[in-house]
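**Q** I'll drop the sequence and a predicted model, then ask my questions.
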Amino acid sequence: MSIAFRPAHWSRLQRSNATLVAALLSLVLVMATLGWLFSWLPEPIGSSAEIFAEGARTTLWLTLVSGAVGLALGTATALARTSRWALLRWGARFYLWVIRGTPLLVQILFVYFALPMLVPGLRLPEFEAAVLALGLNAGAYNSEAIRAGLLAVPQGQTEAARALGLSRRHVFLDVVMPQAFKMALPPLVSNFVALLKDSSLAYAIGVVELTNVGNRLQSQTFQPIATLSTVALTYLVLTTLVTQATQAIEYRFDIEGRSQ
């Protein structure tokens with residue numbers, strides 16, 4: 001569902017900015033008042049309102065941090081895949097092969113339980129381990145979107161920029177990367193929204209996020225309908241607001257004017 005502020009006389013920039021600001025303000029407002037809203041619900045939700053609210057905040061924070069890690073890793077991996085050096089290409093392919101070929105839940109468990117045994121002294125707390133696993137997973141999928149964007153930039157534009165005297169670095173940063181990012185934006189947006197839902201798997205290593213809170217409460221109260229419905233509704237609200245914000249960003253960079 002898409003709700004956008006797009007009066008006919010507004011420019012594309014004004015429309016996207018208004019939608020983005022409205023979505024972000026709504027997200028902040030929901031996060032700030034979630035505990036109060038839940039307190040009005042019947043038991044067993046009302047008495048556990050603040051726990052649910054804190055779990056939702058942890059879910060959102062986990063998504064934002066791991067999403068940033070995934071974007072950085074995805075960009076680095078995409079550049080490695082298109083590198084002239086074979087060692088970088090092989091390393092990137094191996095990373096993608098492992099991450100895309102194994103379940104996310106197994107990756108989270110591996111980072112938390114197995115990684116400290118492989119690297120003595122590297123014992124990550126639950127939240128940091130979840131960020132690393134989710135970031136590695138998101139990076140693998142983001143890299144293919146970014147690589148597709150890089151390959152979609154016409155070779156003639158690169159040659160024209162070099163003919164004008166631009167260095168390789170400036171050609172990449174000023175000509176290739178901006179266009180590649182715009183082309184890769186739709187799948188990157190989809191990956192970020194999916195990451196919000198995938199963060200629920202962090203409950204397996206004890207991260208007290210939204211799913212973990214709901215699972216604990218339904219185990220204590222034996223009321224799965226009320227608790228899991230509240231969890232699902234909260235995820236629905238979060239994904240709706242995040243989708244609005246990301247779609248506004250996508251609309252802003254839709255230079256071909258396909259969005260109406």
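**A** Perfect, thanks for sending it. Numbers count the residues shown, from 1 in each chain.

**Q** how about the helices in the protein?
**A** For the chain, the helices defined by DSSP state H cover 12-38, 49-81, 86-100, 104-109, 115-118, 126-152, 155-163, 168-171, 177-198, 210-221, 224-252.

**Q** and of the ones you listed, who's closest to residue 204?
**A** helix 104-109 (6.0 Å; CB to CB). Where C-beta positions appear, they are placed from N, C-alpha and C, glycine not excepted.

**Q** Let me have the helices of the chain in a markdown table, extended by mean neighbour count, mean pLDDT and distance to residue 204.
**A** Shown next, in a markdown table, are these (neighbours: other CB atoms under 10 Å; pLDDT from 0 to 100; distance: least, CB to CB, whole Å):
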| stretch | mean neighbour count | mean pLDDT | distance to residue 204 |
| --- | --- | --- | --- |
| helix 12-38 | 16 | 84 | 24 |
| helix 49-81 | 20 | 94 | 13 |
| helix 86-100 | 14 | 94 | 17 |
| helix 104-109 | 18 | 96 | 6 |
| helix 115-118 | 12 | 90 | 15 |
| helix 126-152 | 22 | 93 | 9 |
| helix 155-163 | 12 | 77 | 45 |
| helix 168-171 | 12 | 76 | 43 |
| helix 177-198 | 19 | 89 | 12 |
| helix 210-221 | 19 | 91 | 9 |
| helix 224-252 | 18 | 88 | 15 |
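
**Q** Contact partners for residue 38?
**A** By CB atoms under 8 Å, 6 or more residues apart in numbering, residue 38 lies in contact with 45-46, 48-50, 52-53, 230.

**Q** Please disregard the earlier target; I meant residue 42.
**A** residue 226.

**Q** And it, how far from residue 56?
**A** 19 Å (CB to CB, to the nearest Å).

**Q** center of this structure - which residue?
**A** Taking CA atoms, centre = their mean as the criterion, residue 192 is the residue nearest the geometric centre of the chain, at 2.7 Å.

**Q** Report the separation between the residue nearest to residue 228 when sequence neighbours are not counted and residue 227.
**A** Closest residue to residue 228 apart from its sequence neighbours, by CB to CB, 6 or more residues apart in numbering: residue 214 at 5.8 Å. Counting by CB to CB, the gap from residue 214 to residue 227 is 5 Å.

**Q** Residue 37 now?
**A** Look at residue 37 and residue 227: by CB to CB, they are 16 Å apart.

**Q** Contacts only, for the nearest residue to the residue nearest to the centre of the chain once chain neighbours are set aside.
**A** Spatial nearest neighbour of residue 192, chain neighbours left out: residue 67 (5.2 Å); criterion: CB to CB, 6+ apart. Residue 67 makes contact with 135, 138, 192, 195, according to CB under 8 Å, 6+ apart.

**Q** Using a markdown table, lay out those residues together with distance to residue 163.
**A** Converted to a markdown table, these look like this (distance: CB to CB, whole Å):
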| residue | distance to residue 163 |
| --- | --- |
| 135 | 39 |
| 138 | 38 |
| 192 | 37 |
| 195 | 41 |
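
**Q** Would you point out the most distant pair within those?
**A** 135 and 192 (12.0 Å).

**Q** Contacts for stretch 191-203 next, please.
**A** Residues outside stretch 191-203 that contact it (CB under 8 Å, 6+ apart): 59-60, 62-63, 66-67, 70, 104-105, 108, 126-127, 130, 134, 137-138, 141-142, 145, 209-212, 215, 235, 238-239, 242-243, 246.

**Q** Understood, closing this out.
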